[in-house]
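>>> Below: sequence and its predicted model.
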Amino acid sequence: MSDSAMSIENPTEPEPSDSLKAFGEAHKAFRKRAGYTQEEYAPMVGYQPSTVGSIEQGRRFPQRKYVDRAEEVLDAFGVLKGVYKHATREKGLASWFRQWAELEEIAISLYTFENRLVPGLLQTEGYARTLFSERVPVLTDSEIEAQVTARLERQSLLGERPNTSFSFIVEEHVLLRPTGGEEARRGQIEHLLEATAPRNVEFQVMPSSRGYHPGLNGPIQLLETPENEWFAYLEGQESSQFIVKPQTISMLHMRYAKLRSQALTPEDSRSLLERMRGA
């Protein structure tokens, strides 16, 4: 294995959730002991009530700064930090995605190019459910629910991080594929128009008329941390790569910059989505 990436196998393996449920129960007990509702408590730790609810249900992995703040606000005697040491990612989030998802929650820049599917952060529940329901090998009903829940939980990033710069570039043919049926496709288009409306979210369509571009080798994801470190993530059929080598990340930046210049402008992309919705 090269030093430019860490390859991780078993892309459909879910993470156990018992430890997260234990953290959530302990957190809820201390919150109730302090006499706070979720709505009262959330602004004290700097998060949304929906995030607090997800953490207490064991469906979302809390950031370290959340745990530190919770300890302080709830005067939890170090119990939450102790339980947190044994927490692992929630069921439904594939193990190979763990490192990326943790960085995704603190990113100040997040760039995504997709030539296969609508990016996970922008999928409707119906679109995501179709993908997991049709997966091969077949998933059980409980596995499908866990996967859908984990995916929808990730989407809170778009609403909770208004200072993060999101950039999405998606191939036009992805938007034309009737995943889940024609009605579901139109619903997905409508959702894209809503989800990409904020000023910090940029969405571009790579037109099918573009004969060649540097994204034909596959999807690209790039991420910048608050310390201005960059990481990359490339997803494959049965394994994925978490890339840390600066030279490789620089090369992917060059490709992404070229993709941005070759795709439709955000304004033209939005006009195209509106025409697709009307059609």
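It's in.

>>> Skip the chain neighbours and tell me the closest residue to residue 187.
The shortest distance from residue 187 to any non-neighbouring residue, by Cβ to Cβ, 6 or more residues apart in numbering, is to residue 124 (5.7 Å). Where C-beta positions appear, they are placed from N, C-alpha and C, glycine not excepted.

>>> The one you found is in contact with residue 188, isn't it?
Yes. Using Cβ atoms under 8 Å, residue 124 is in contact with residue 188, at 5.2 Å.

>>> who has more neighbours, these two?
Ranked by neighbour count (other Cβ atoms under 10 Å), residue 124 and residue 188 place residue 188 first, with 25 against 22.

>>> Pretty sure the more buried one sits against residue 117.
No. The pair residue 188 / residue 117 is not scored as a contact, 10.5 Å apart, by Cβ under 8 Å.

>>> Can you give me the buried ones in the helix or strand hosting residue 157?
Assessed by DSSP states H and E, residue 157 sits inside helix 156-160. Of all the residues in helix 156-160, those buried under the rule 16 or more other Cβ atoms under 10 Å are 156-158.

>>> distance between the ends of stretch 189-202?
The first and final residues of stretch 189-202 sit 15 Å from each other (Cα to Cα, to the nearest Å).

>>> what does it rub up against?
Outside stretch 189-202, the residues within contact range by Cβ atoms under 8 Å, 6 or more residues apart in numbering are 118, 121-124, 155, 158, 161-168, 175, 203, 266, 270, 273-274, 276-277.

>>> Restricted to helices, list the residues you listed.
Judged by DSSP state H, the contacts of stretch 189-202 include 158, 175, 266, 270, 273-274, 276-277 as members of helices.

>>> Among these, which pair sits farthest apart?
Using Cβ to Cβ, the two most remote members of the ones in helices among the contacts of stretch 189-202 are 158 and 276, lying 20.7 Å apart.

>>> what about the helices in the protein?
18-34, 38-45, 49-56, 64-74, 79-84, 98-104, 125-133, 141-154, 156-160, 172-176, 182-195, 246-262, 266-278.

>>> how about the ones in helices among the contacts of stretch 189-202 in JSON lines, adding distance to residue 45 and pLDDT?
What follows is the ones in helices among the contacts of stretch 189-202, written out as JSON lines (distance: Cβ to Cβ, whole Å; pLDDT from 0 to 100):
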{"residue": "158", "distance to residue 45": "20", "pLDDT": "91"}
{"residue": "175", "distance to residue 45": "38", "pLDDT": "97"}
{"residue": "266", "distance to residue 45": "34", "pLDDT": "98"}
{"residue": "270", "distance to residue 45": "35", "pLDDT": "97"}
{"residue": "273", "distance to residue 45": "36", "pLDDT": "97"}
{"residue": "274", "distance to residue 45": "39", "pLDDT": "96"}
{"residue": "276", "distance to residue 45": "40", "pLDDT": "94"}
{"residue": "277", "distance to residue 45": "38", "pLDDT": "91"}
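
>>> No further questions, thank you.
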